[in-house]
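# Any chance you could fold what I've pasted below:
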Amino acid sequence: MQFRQQALAKLQSPQELDLPVRLARPQGRLALGVTLAVMAAASFWAVTGSVAATVNASAILTHGQGSYVLQSPVAGQVTAVLARQGQQLPANAPVIKVLTPQGDSVVRTVAAGRITTLAAAIGQIIRTGTDVAAVEKVAHADDPLYATVYVPAENAAAIPEHASVDLTVSSVPAQRYGVLRGQVRSVDRTAQSAQSIAAFLGDSQLGRQFTHGGRPVAVTVRLDGSRETRSGYRWSTAAGPPFRLDSMTLASASIRLADQHPVDWLLS
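Next up, the predicted model:
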């Protein structure tokens, strides 16, 4: 009660009526100014700025036309293997010889390519339709590689034409040699099944691997070429790895999506 009486008496004192009232300390005005400046900058960025988003997905390095599985059109016993794994063959080249009740029959390539898997062995009994080899469709060994990225179908529509892509290649230590650079060449809007992927890659196991989380969309990526690197492609480091890349090498891809305004991004 004593403090209240002293306060009332102080307010009623005539000598103190003309003293200025301090609404805020200098430190408070400084903090308010900084806050207003930050809010103004944030508002400007929200209207004029952009947010870069990416989608990550599994990928594989191949030549552009994919592969096919060579199957035997006859049943019998394999008596000779006429090709070797990794060999580049023209169309209609002999791969194996099969002894049938009607005599010897030669299984030949359907199209020119490189033997990536050779499944037949001498003495093996095979049936009609048995997988004999996987052949990658490539006319020349130095044809350029592409990356096929299997992106979740819900992200396909957001991938712009010529989007930049970074590829971490399984056979290349990224900490030392960096990532492989590329650009989106095309987006196949049709969801891929395990069977269609296996037909394109010539490998049923890869078909199952790329569809374990659902049916993806295939995105073809053109790799950026370079005359300054041993691999013949551009990397995030100056030289990249000191060796060439092989087809059918697995990788992981990071595709840059179309930039979004921060307001749209925050509301989405």
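# which residues in the protein form strands?
All strands of the chain, identified by DSSP state E, fall at 54-63, 67-71, 76-81, 88-89, 94-100, 103-108, 113-118, 125-126, 131-136, 145-152, 164-169, 180-191, 216-223, 249-256.
# Next, format those as JSON lines and append distance to Ala198.
Quick note: C-beta positions are derived from backbone N, CA and C, even for glycine. Converted to JSON lines, those look like this (distance: least, CB to CB, whole Å):
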{"stretch": "strand 54-63", "distance to Ala198": "12"}
{"stretch": "strand 67-71", "distance to Ala198": "8"}
{"stretch": "strand 76-81", "distance to Ala198": "23"}
{"stretch": "strand 88-89", "distance to Ala198": "21"}
{"stretch": "strand 94-100", "distance to Ala198": "20"}
{"stretch": "strand 103-108", "distance to Ala198": "20"}
{"stretch": "strand 113-118", "distance to Ala198": "12"}
{"stretch": "strand 125-126", "distance to Ala198": "20"}
{"stretch": "strand 131-136", "distance to Ala198": "10"}
{"stretch": "strand 145-152", "distance to Ala198": "12"}
{"stretch": "strand 164-169", "distance to Ala198": "22"}
{"stretch": "strand 180-191", "distance to Ala198": "15"}
{"stretch": "strand 216-223", "distance to Ala198": "13"}
{"stretch": "strand 249-256", "distance to Ala198": "15"}
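# what's the closest of those strands to Ala238?
strand 180-191 (12.4 Å; CB to CB).
# For the closest one, buried residues please.
180-182, 184-185, 187 (16 or more other CB atoms under 10 Å).
# Kindly report the same for stretch 233-241.
233-235, 240-241.
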